Structure formats: structure tokens, C-alpha cells
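Asker: Mind looking at a prediction? Sequence and model below.
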Amino acid sequence: MSEMYDLGYDSGYEIASEKSANRIAELENAQRWIPVGERLPKDASPVMVDGGAAHYSHKYKSWFTNMERDNFGEYRPILWEVTHWMEFTSPPTEPHNES
């Protein structure tokens, strides 16, 4: 039996472990804080920043808050430097069951 491993065969455990590690890395990457120097979100897409919900305008090259608007109904610009942002996760698709 040990000769099988000497011939280069992987056990099912090693393959499953590698697939699990790849999936964990994929999920961690999807839910990480992204530096603005790495990339910016899609135009006007709601994202999280350190002060709450916001969006980036590629037209104005500025961040705007999604939480409050000015007297004209426009989103207010963010006055601090945004260094990182994170996409919102998708809401659950299963119905909520109370037990």
C-alpha cells in the first residue's frame, strides 16, 4: 500500500484539504478591506468605509456618504481620507425561521 504513495498518487484527504484551503482563501479575499491604491469600487456602488456606507464617484473622483443628504437631496461628500473599502455581503437567501 505504501508503494501507491511512492508512485505520486494523492489521497482523497489531501485533495479535499486542498479544495477546502482554496475555498477558505476565496472567501477571505471576498470579505477583506481593499486599499484604495489597489482598486476602487464600481462607480456609485454602495460599499463600507470606516465611517459607514459610502460610494465612490469616478466622475467627481470623490467619496460620498450614503447615510445623509444635503438640503438639495445630494449625497454629502466625505471629508476624511478613505484608505480602505469593503463590498457589502449578499443577504441570506433562505427564509428566516424562528425556533
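Answerer: Cool, got the structure. Predicted model, so just to flag it, every value in this text is computed and none were measured.
Asker: Can you show me the helices along the protein?
Answerer: Taking DSSP state H to define them, one finds helices in the chain at 2-6, 12-30.
Asker: among those, which is the most enclosed?
Answerer: helix 12-30 (a mean of 10; mean count of other CB atoms under 10 Å). To be clear about C-beta, it is placed using only N, CA and C from the backbone, and glycine gets the same treatment.
Asker: If you count contacts, what does it end up packed against?
Answerer: Helices and strands touching helix 12-30, as assessed by 3 or more CB pairs under 8 Å, 6 or more residues apart in numbering; DSSP states H and E, are absent.
Asker: Once you drop chain neighbours, what's closest to residue 75?
Answerer: Distance criterion CB to CB, 6 or more residues apart in numbering; nearest residue to residue 75, sequence neighbours excluded, is residue 64 at 4.0 Å.
Asker: Tell me the bridge partners for that neighbour.
Answerer: residue 55, residue 77 (DSSP bridges).
Asker: Assess the claim that it and residue 82 are in contact.
Answerer: No - the criterion here is CB atoms under 8 Å, and residue 64 misses it with residue 82 at 10.4 Å.
Asker: what residues do those two have in common as contacts?
Answerer: Common neighbours of residue 64 and residue 82 (criterion: CB atoms under 8 Å, 6 or more residues apart in numbering): residue 54.
Asker: Tell me how far residue 62 lies from residue 39.
Answerer: 17 Å (CB to CB, to the nearest Å).
Asker: what residue ranges in the protein score low on pLDDT?
Answerer: 1-13, 99 (pLDDT under 70).
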